[in-house]
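K.L.:
Would you be able to build a 3D model of this:
(chains A, B, C and D)
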4 protein chains.
Amino acid sequence: MFGEIKGLNEECGIFGVFGHTQAGHMTYYGLHALQHRGQEGAGVVVSDGEELKQSKGEGLVTDVLDEEQLSRLVGHSAIGHVRYSTAGGKTYENIQPLYFRSSTGSLALAHNGNLVNASKLRQELEETGSIFQTTSDTEVIAHLIKRQGKKPIIDRVKHALNELEGAFAMVMLDEHQLIAALDPRGMRPLSLGKVGDAYALASETCAFDVVGAEYLREVKPGELLVINEEGVHVDRFQQPKDRSICTMEYVYFARPDSNVDGDNIHSVRKRLGKTLASVAPVEADVVTGVPDSSISAAIGYAEASNIPYELGLIKNRYVGRTFIQPSQELRERGVQMKLSAVRKIVEGKRVVMVDDSIVRGTTSKRIVRMLKEAGAKEVHVRISSPPITHPCFYGIDTSTSGELIAANHTVEEIGEKIGADSISFLPIDSMIEAVDRQDQSPNCGHCLACFTGNYPTDLYDQSIPPHQKEQMIGARS
Amino acid sequence: MFGEIKGLNEECGIFGVFGHTQAGHMTYYGLHALQHRGQEGAGVVVSDGEELKQSKGEGLVTDVLDEEQLSRLVGHSAIGHVRYSTAGGKTYENIQPLYFRSSTGSLALAHNGNLVNASKLRQELEETGSIFQTTSDTEVIAHLIKRQGKKPIIDRVKHALNELEGAFAMVMLDEHQLIAALDPRGMRPLSLGKVGDAYALASETCAFDVVGAEYLREVKPGELLVINEEGVHVDRFQQPKDRSICTMEYVYFARPDSNVDGDNIHSVRKRLGKTLASVAPVEADVVTGVPDSSISAAIGYAEASNIPYELGLIKNRYVGRTFIQPSQELRERGVQMKLSAVRKIVEGKRVVMVDDSIVRGTTSKRIVRMLKEAGAKEVHVRISSPPITHPCFYGIDTSTSGELIAANHTVEEIGEKIGADSISFLPIDSMIEAVDRQDQSPNCGHCLACFTGNYPTDLYDQSIPPHQKEQMIGARS
Amino acid sequence: MFGEIKGLNEECGIFGVFGHTQAGHMTYYGLHALQHRGQEGAGVVVSDGEELKQSKGEGLVTDVLDEEQLSRLVGHSAIGHVRYSTAGGKTYENIQPLYFRSSTGSLALAHNGNLVNASKLRQELEETGSIFQTTSDTEVIAHLIKRQGKKPIIDRVKHALNELEGAFAMVMLDEHQLIAALDPRGMRPLSLGKVGDAYALASETCAFDVVGAEYLREVKPGELLVINEEGVHVDRFQQPKDRSICTMEYVYFARPDSNVDGDNIHSVRKRLGKTLASVAPVEADVVTGVPDSSISAAIGYAEASNIPYELGLIKNRYVGRTFIQPSQELRERGVQMKLSAVRKIVEGKRVVMVDDSIVRGTTSKRIVRMLKEAGAKEVHVRISSPPITHPCFYGIDTSTSGELIAANHTVEEIGEKIGADSISFLPIDSMIEAVDRQDQSPNCGHCLACFTGNYPTDLYDQSIPPHQKEQMIGARS
Amino acid sequence: MFGEIKGLNEECGIFGVFGHTQAGHMTYYGLHALQHRGQEGAGVVVSDGEELKQSKGEGLVTDVLDEEQLSRLVGHSAIGHVRYSTAGGKTYENIQPLYFRSSTGSLALAHNGNLVNASKLRQELEETGSIFQTTSDTEVIAHLIKRQGKKPIIDRVKHALNELEGAFAMVMLDEHQLIAALDPRGMRPLSLGKVGDAYALASETCAFDVVGAEYLREVKPGELLVINEEGVHVDRFQQPKDRSICTMEYVYFARPDSNVDGDNIHSVRKRLGKTLASVAPVEADVVTGVPDSSISAAIGYAEASNIPYELGLIKNRYVGRTFIQPSQELRERGVQMKLSAVRKIVEGKRVVMVDDSIVRGTTSKRIVRMLKEAGAKEVHVRISSPPITHPCFYGIDTSTSGELIAANHTVEEIGEKIGADSISFLPIDSMIEAVDRQDQSPNCGHCLACFTGNYPTDLYDQSIPPHQKEQMIGARS
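P.N.:
Numbering: from 1, shown residues only, chains lettered A, B, ... in the order given. The predicted structure follows:
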């Protein structure tokens, strides 16, 4: 969360509200709370009951929307989106919500997650006359809805959603209603809230806190919620399948003040840290976390191990628009940018460095070196999740990495490569135990694909490195 | 630190470097690390040995300086400044360093702190022909230096510094040398470091960590350091007086990864929190800190009290340039901006809310209300410093407030006003004990004026509210 | 041209180039020359033979494209567009070229003119499954092309163009070819040029002068030019109908240095002014033109009448982005903005004020009053075109005005309303005579609909005010 | 005027108003009208009778001042300045008005023109303790005023002005009065006007037209006007010397709608063109002017010679902020930027190209080549002023050029160098005759130094190329 340093990125946050006189402003504040889920672009579409109006652009919510624009977005319902984009350059077209005009009524869509059969669907649509202006999955969904002809919009949406395979949490808006849908495995989080007489939807509950909304419940796998003047109509487009919510939401992505499935993320992470302390103890003088996402786990580790928690690493928050990167020469001479090690804290100490995950290992290596250069006598790396061995195809951008350090190296090798004096990952079972709510049955349905290769869906034509494919086949059989 | 929410603001950070081929870039990174000391304006002046070049502007360092400008600032020495301004509007003129051109050589000055006899000096200078283009103390100092006629620059600087009364940590740059000076009481922090063969000066040591510099020592009260091709020449413009370093640097302003007088700020704050736990214990379920500056004290309180530290309050870091404040109506309906309470953490709980200080009380009141609205059963406010009863005239902008809640109310009244179930401040003696390094003699010289009214200097014509003046007279007699 | 003051606006300019190593830059300069045809938005799409890349945005070409973006737009062919938009607000989606991605190859389109059957086509497409993300005619054309299935692209384009009714000058770009098309009546200008071995297309020939291209010929009504590695292939999608090129291009829109049909616009306008002098002479002391578009006609009037041409009206060219309009109070007290009358020139004089057209009459009224307030003894208004009595549906934004002063008032009434001492319009026949090239047969095919109501095409569902509809029916029968 | 292309630039425009409830807005519009005199920076200072407020910045008036800032500048009197700067880079400090704060009252100054003894004065001031933050002459004047001690402000201003040598038209503002002064030779224009009950001052009368002010009279050489609540008090700081108003104001700088000494600039330029036609006739087909400043002279030439005036050269007005210059390669291949030749007009024609002056000759050469490349059979260059052989030290930035083509070449050589088929300059006597008002005695006092080397003042330490110095000595003896 909060502008992390590593190469692991969530691809979106969505928000919706129905029945509020200031729906545009509410969405602005809601998206602002979800900003950690995407900083590349943001957009809002509002309805005043007669027409839709939109505003979107590249950058942070607060950069994209100014007073003038927000004052145009008058309406009683709205949806919004914050976007993380993998590709560089100007990508205005892909910024969501996507807004489709039609003489029989318009429709705007915002989507979090990733479809695995998007290419296949896109090709079929193209062959029968659809044209595409974006490269986003969302445009595919819009075409599928449109193709259902003159049936009522809800029927068309349900039909279209049944064509999709993969992870999708969606909000849709037309002139008269706000629609929410979650894929049948519930792979992405989506919550329903209430603020006064209005209803709200958000990828994370932290957005509810910011707009003063009360949490009602999670949107359930396969559900279709239709919110209009009459209230919330609970419908379903498909029977739920095995629940497979993304584990990395707990471990890394979600804001610590959000709740997923009713459990507070900060608390979950503290439990992960405590568990880690019990399964991977070490003699040390200080515990420090890699800011920001690992702070909670580090505090948990410190509490359980009775080693004091200290601020051994600090992050500079003032990163303006045009930060000038230090030259190679300056970097080699010790000029650091976002993160620095605190010499006074770590000098001569045995340091437990708690992090939530290791993707490529380059960041971990850099941090270990920083700590050593700042005088740490020993650096013991403790990771509050298992090794990531497989790419994600459901909305986390490890799918393109191919360079997952744990896919090709043992834990010992990883420790050596990053220069740690010791290294431990949290075993899968321990992670599940810590993540699960104590009042629930064990493993109530997490996607563990990135740790195991057990992908909960068919993968169609996703490009998986051959050696991993084999592993997967083994893993899945 | 880090863009705090309360009405207590440091007024500057300064940085200097001599003997580095990329002096301009180093200053850019150094100032970036000091950004928490002022976000209103920034400036850099470099010397290439023949002439001075400057670049400055309103906003963050990363907004003020882009690649193009930084590439112009070629030189082997530089000084820089980040500024907090009390007045609104366009105040370009006051952005430092101030740069004075002269046919016999130019001089740039950057200054942290506040003079108490600036008005008097300004008036005297005006009466004898000086004209002023800014409202800053720094221009007064420049005039004093210029008035010394044709004497060598060092003599003129020393003479001028002896005219000043108040707090001043300064860096000055001419074509050939970098000069640093600290007021005879050492009221503001200023450290000397070394990076390769170059020397660096900074308001806080966190800037050294960022540019890869090694800490050498504090600049001492009354010292004048002249750094040129021959190295550091240690000189003195005045005998030191009783050391009076600002206590609020420890409690609130400095970055947690900085060291002051060799002691790490995060560690000091943890000690403050631990001491607070022992002198003001309370039965409670969770400890939470007000981000960002009170986190360390909260962790200390939690460690010492064995009450778990949790993330009960969270701050949204993504505050872009044009954040649109919620309307009064939305605020009343619960829309929050920068800070939110985490319902899941505090609901039904007895919460210890640790904060570092209370200025006007309005922020504390808002936070207590937020916690209660999020379901906290009890909120126990614990402040890791004593009540602030007197304005500061040495560079902290409480001097204009006149609304210090503790100046007019007892601790009990404050607790009532902010809605706390209980409230405690850290007693002065306990604070001094925690702040002092364990290897030093007790109270090695802190300014405690804002807590006691014991101002270490004459105050000249500073405008003190009458009732406080009386208090002060009493306090000082 | 050049940011005119009146309510009469052209809706686009297009440019294309094939076979130039710096196609992106050429398009940048070409569009810059066409900037007077639209200042609301601009875009460029280039092809490097393998893929298309685009960049577009709101504002002037020089605002939309910076060095960084232009350096990305590497390719050997490109099309571009400058846009005038009637609606306010953010309209990014409608900025052209529109760029459609497809697995079988992409296509970008840029269009100048207005279709009269766009709504009908859009509705038909929607009913059979097409979805629309913009409100522009161009998206309709793209859908029509896509719907032609797997036929070769040229066949599909020809088929689609045959569905269109109205005015359209178009350039299209795919990975391998640049396509140009002009509606069967040739209602909008489009010229073909050559620059080295490369070919260029432009709405006006002034763009050729700027990029060093040589004019070859006009694109002919109904033609389809396909430009690829093998050169220019001349094809046709429809037989030409009666030529109906927009007369207002000559009178008002085109830049004076452009040629239409081989005739220089400045020369045409001088002829209009000379003719006007002969049909509507007046005793006067000075002739002045309303800048910028009427200067040529005024010089012609002066030459023919032997009344000296003087600078009685002047326009301030420095209109930055955020020009603050004078308050009503200041306006009433004489504060002028863009245009001012030159007292010294007009004081005590009988002034001939030459303008090219009158739309709503408000601007004319203001200018006459300015001249009188500056001391003009008499103001004789001479208009170098006939009264505009009917809206345009082919790309000039009078279609929405409904407030055409000449639709509801006689010439005498207009003169009275605007406060002129006398007023004359150029009769249609005189205008045609002046516009026609002297080496051509009379009225070689101009659209005169805005003067006569004789619309050269069916109007479908265009919204014409009832009383005008009657007039038109009369006029057309 | 209007963003000219050649290397000859005026260095400032000034405006002032007293007694108007919207003095800040009036100054905004006044400066906007004077924008052609400087586009690098702009500033406004207003007084509300109690304090001065300022706003200034780099760029156009409309870029520097937005609604928010203008709304802060509330007051009944104001002065403003537009600036042309020779040096590149960020030069905020030099932007005028300069504003000096003082406990006994503040003073703001804005200055058009150039002092020749500024360096000498600056040195004397520095030696006696003054410090300088800018490199502008205006700061020197401010110091001189301040040095006069406790005398009334008017006395101090008069004393200071008597120290100055060179060209200066100035406006000054304190809390209670607006002061205007013109050097004893009246080398720069400055006019007094009236708008309602308020008074206005401006470098050119076009600013009066824009704000609805009535022209009263010129400020006279050596005059000091003090405008306050009681009206205009006419004073004098020095007896006038021989009038020496800059001739280039008539020929080139002033806006055509301005009047200087009661004579309209456009009319003067037409007279220059007519005279040029009579002294330097040529057989030709068309006359064209180099936009924008030579259009009036070209029209005069055409009228007198009976050769038709045509638009052979055209300038693109849409030059945004970040215009990307064509690469050398594109320039060589004919890509043009600001100016283009109109092929249709000049092809096969004998062209008279009227320009107002030749400085370095590079622009003229480029334009002649453009005309030839566009097909002109012959290009006859006619210049409506004499050859510029000497640098200007009074505010026109030829002082640094050293590359005046006419300083080192005969007229014939110039013609050859620029590729003209013939070339003629207007002789000095003919110029004076045309410039002089017909109701005045001949040569009522123009500075002709750039044509003759007869500098009306001592030059002190100005750096004149040696060979020119000799010429001057010869010329002046």
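K.L.:
Number of residues surrounding A:G419?
P.N.:
A:G419 has 17 neighbours, counted by other CB atoms under 10 Å in any protein chain shown. No exception for glycine: its C-beta is placed from N, CA and C like everyone else's.
K.L.:
now it: how far from A:R333?
P.N.:
20 Å (CB to CB, to the nearest Å).
K.L.:
now A:I314
P.N.:
20 Å.
K.L.:
ok, these two, which is more surrounded?
P.N.:
Per other CB under 10 Å, whichever of A:I314 and A:R333 has more neighbours is A:I314, with 24 against 17.
K.L.:
How about the residues of the stretch 101-250 of chain A by chain C?
P.N.:
Where the stretch 101-250 of chain A comes near chain C, counting by CB under 8 Å from any CB of the partner chain, the residues are A:101-104, A:122-123, A:126-127, A:129-135, A:142-143, A:146-147, A:149-150.
K.L.:
Let's see that with 10 Å instead.
P.N.:
Residues of the stretch 101-250 of chain A lying close to chain C (CB under 10 Å from any CB of the partner chain) are A:101-104, A:106-107, A:119, A:122-123, A:125-135, A:139, A:142-143, A:145-150.
K.L.:
Please point out which parts of stretch A:418-429 sit buried.
P.N.:
Of all the residues in stretch A:418-429, those buried under the rule 16 or more other CB atoms under 10 Å in any protein chain shown are A:418-421, A:423-428.
K.L.:
Check stretch A:162-171 too.
P.N.:
For stretch A:162-171, using 16+ other CB under 10 Å, the buried residues are A:163-171.
K.L.:
Let's have those residues in JSON lines, adding distance to chain D and secondary structure.
P.N.:
Supplementary listing: those in JSON lines, determined by distance: CB to the nearest CB, whole Å; DSSP: H, G, I helix; E, B strand; the rest coil:
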{"residue": "A:E163", "distance to chain D": "46", "secondary structure": "coil"}
{"residue": "A:L164", "distance to chain D": "44", "secondary structure": "coil"}
{"residue": "A:E165", "distance to chain D": "46", "secondary structure": "coil"}
{"residue": "A:G166", "distance to chain D": "42", "secondary structure": "strand"}
{"residue": "A:A167", "distance to chain D": "42", "secondary structure": "coil"}
{"residue": "A:F168", "distance to chain D": "41", "secondary structure": "coil"}
{"residue": "A:A169", "distance to chain D": "41", "secondary structure": "strand"}
{"residue": "A:M170", "distance to chain D": "40", "secondary structure": "strand"}
{"residue": "A:V171", "distance to chain D": "36", "secondary structure": "strand"}
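K.L.:
what's the farthest-apart pair in those?
P.N.:
A:E165 and A:V171 (19.8 Å; CB to CB).
K.L.:
what element comes up after the helix or strand hosting A:H266 heading to the C-terminus?
P.N.:
Using DSSP states H and E, A:H266 sits in helix A:265-279. As assigned by DSSP H and E, the chain's next helix or strand after helix A:265-279 is strand A:286-289.
K.L.:
Which strands and helices lie in contact with that following strand?
P.N.:
helix A:265-279, helix A:295-305, strand A:313-315, helix A:343-346, strand A:350-355, strand A:378-383 (3 or more CB pairs under 10 Å, 6 or more residues apart in numbering or on different chains; DSSP states H and E).
K.L.:
The ones you listed: which one's closest to D:V381?
P.N.:
D:V381 sits nearest to strand A:313-315 of all the helices and strands packed on strand A:286-289, at 66.1 Å, using CB to CB.
K.L.:
Report the rounded mean pLDDT for the helix or strand just after that closest one.
P.N.:
Counting by DSSP H and E, the next helix or strand C-terminal to strand A:313-315 is helix A:328-332. Averaged across helix A:328-332, pLDDT comes to 77.
K.L.:
what does stretch A:60-75 give?
P.N.:
The average pLDDT within stretch A:60-75 is 88.
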